[in-house]
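Student: need a structure here:
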Amino acid sequence: MTISSCPPRSDLTSLNCLPAHTVVHLPLPIPITVPMSAILSLTWTAASATVWYPSLSLPDTLTVSCPLHTVLPCIQEAICMNEKQHNNDIATAALRLSMVPRIAAKPLKLPDGREVLYAPGTFTSWESVYRKGGFDALIPKQRADKGHSRRLDADVIAAVYELRERFPKLSAAGIREKMISDGLIGASDVSVSTFQRFIKKNNLKGAAAPGLKDRRAFEEEFATGMYQADTLHGPYLNENGRLRRTYCIMILDDKSRLITGGRYFYQDNSLNFQKVLKDAATYGIPQKLYVDNGSPYKNVQLSLICGQLGCVLIHTPVRDGASKGKVKRNFRTFRSRFLNALNPSRIAGIDELNSLLADYIRRHNTSVHSPIGMTPYTRYMEDLSHVRMPVSPQWLDAGFLHRVMLMYGKEASNRKQEIDRQHHTIPN
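Tutor: Residues are numbered from 1 along each chain as shown. The predicted structure follows:
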């Protein structure tokens, strides 16, 4: 009798068609990956066994002659043992694999003191390198051409230095465009990021243009740590047949990029700025207020208000508007997305303009910003526990009272009386 007379079944019940005593050739131990058709093969050699299980070491032929009722339990037990071992191996592998993301989720402190987050794939690649080359293979290797750009040849590098000397304020993108127009490089030869890396690594901004200030990015630790404020000229509105210029006063939170206050006025003065600052204070009292040296931002009343609120008033260096990078960048986006789409002739008045501005601020605060990877409002809410909110509306009103000094009598210098009075709103 041959096995071919049995029905083509892959389970152990196919043994039922065998006589009570038969000769079965099978590998020991039986791997779970071996099909039953191979187990029941009447011609089993070491060469054919390695097709299914390469790690087996078997004699040329293994012959077992026994009753069927003794063969079947042996085969079942062997398969169960292999399945159990296989399941244990899978569980062990899953445990090892799950440990990698846990390790990668926490920053690692390097010998130089820096803290770095590594991707899970980095750890697996390190393991592979270690298995192949040992400890020495993990030692970082430096490029032989470190400090030299592989994308920029000597002529292009010389041109970069020359252009930086002639045009110290020209950006990396501007240098690239200048070289393309001069025929030094092709449009697809070198990317903007290559020029940016080269200029940064070689400190060309300081070496070739010593007159430029060293600008370093800064950011507060928590939301409301610093508010930055500035004024932007707005469109002219036709009011009763008269064109009137508008001014947008806006306050931006340094950490979250949340616009905490913004309004249009017909005058750019200290009282109007204080109105916007009071609106911004409802999001939290800032630890610092960063403004320029214009008259709306540099006056005794603002200093007194900041002192009453417990806020440090900081002014930028004179004629250094670039030091307020975030609020300037915010105004650039505001101009491109809001002002350039306005049709002033269809705006009835400043109230309608402020209504449009409020819609823009709402969209800004609830849209994802790439520098922070989330919406400004979400970023602000994450730091809400660090925000110092006003004690009460009455406390906030008292903080914005104007303080005046009255002097009377012949000996005025010795007889002074300080009173508080609420400021009068200047008509728009």
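Student: in the stretch 251-400 of the chain, what spans have low per-residue confidence?
Tutor: Residue ranges of the stretch 251-400 of the chain with pLDDT under 70: 319-324.
Student: Kindly recompute the last result at 80.
Tutor: Where the stretch 251-400 of the chain drops to pLDDT under 80, the residues are 318-325.
Student: Show me the helices in the stretch 301-428 of the chain, by range?
Tutor: Counting by DSSP state H, counting those that start in this stretch, the stretch 301-428 of the chain has these helices, from start to end: 325-337, 350-365, 376-382, 393-399.
Student: In the stretch 201-350 of the chain, mark out all the strands, start to finish.
Tutor: According to DSSP state E, counting those that start in this stretch, the stretch 201-350 of the chain carries its strands in the segments 226-239, 242-253, 259-265, 288-291, 312-315.
Student: can you list those in JSON lines and add distance to R131 and mean neighbour count?
Tutor: Where you see a C-beta, it was placed from the backbone N, CA and C, and this is true even at glycine. As requested, these are exported to JSON lines (distance: least, Cβ to Cβ, whole Å; neighbours: other Cβ atoms under 10 Å):
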{"stretch": "strand 226-239", "distance to R131": "50", "mean neighbour count": "19"}
{"stretch": "strand 242-253", "distance to R131": "50", "mean neighbour count": "20"}
{"stretch": "strand 259-265", "distance to R131": "54", "mean neighbour count": "23"}
{"stretch": "strand 288-291", "distance to R131": "53", "mean neighbour count": "22"}
{"stretch": "strand 312-315", "distance to R131": "56", "mean neighbour count": "14"}
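Student: Dump those to JSON lines, plus distance to E219.
Tutor: As requested, the strands of the stretch 201-350 of the chain are exported to JSON lines (distance: least, Cβ to Cβ, whole Å):
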{"stretch": "strand 226-239", "distance to E219": "9"}
{"stretch": "strand 242-253", "distance to E219": "11"}
{"stretch": "strand 259-265", "distance to E219": "16"}
{"stretch": "strand 288-291", "distance to E219": "12"}
{"stretch": "strand 312-315", "distance to E219": "15"}
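Student: Of these, give the one that comes closest to S345.
Tutor: strand 226-239 (7.0 Å; Cβ to Cβ).
Student: ok so, going back, would you tell me which of the strands of the stretch 201-350 of the chain gets closest to T378?
Tutor: strand 242-253 (12.7 Å).
Student: hang on, the earlier thing: closest to G183 out of the strands of the stretch 201-350 of the chain?
Tutor: Minimum separation from G183 across these (Cβ to Cβ) falls at strand 226-239, 39.9 Å.
Student: Who are the packing partners of that closest one?
Tutor: Counting by 3 or more Cβ pairs under 8 Å, 6 or more residues apart in numbering; DSSP states H and E, the packing neighbours recorded for strand 226-239 are strand 242-253, helix 270-281, strand 288-291, helix 325-337, helix 350-365.
Student: Parallel or antiparallel, which strands does that strand pair with?
Tutor: strand 242-253 (antiparallel), strand 288-291 (parallel) (DSSP bridges).
Student: buried stuff in whichever strand or helix holds K200?
Tutor: In this assignment (DSSP states H and E), K200 forms part of helix 192-201. If you call a residue buried by 16 or more other Cβ atoms under 10 Å, then helix 192-201 has these buried ones: 194-195, 198-199.
Student: next one: stretch 270-282
Tutor: Neighbour-count burial for stretch 270-282 [16+ other Cβ under 10 Å]: 270-278, 280-281.
Student: if I look at I314, how far off is L110?
Tutor: 34 Å (Cβ to Cβ, to the nearest Å).
Student: right, I mislabeled it, should have said N330
Tutor: Taking Cβ to Cβ, one finds N330 at 35 Å from L110.
Student: Which one's more surrounded, those two?
Tutor: N330 (20 against 9; other Cβ atoms under 10 Å).
Student: so what's the residue nearest to that one when sequence neighbours are not counted up against?
Tutor: Distances taken as Cβ to Cβ, 6 or more residues apart in numbering place L252 nearest to N330, at 5.3 Å, with adjacent residues excluded. Counting by Cβ atoms under 8 Å, 6 or more residues apart in numbering, L252 touches 227-229, 258-260, 326-327, 330.
Student: Great, nothing more from me.
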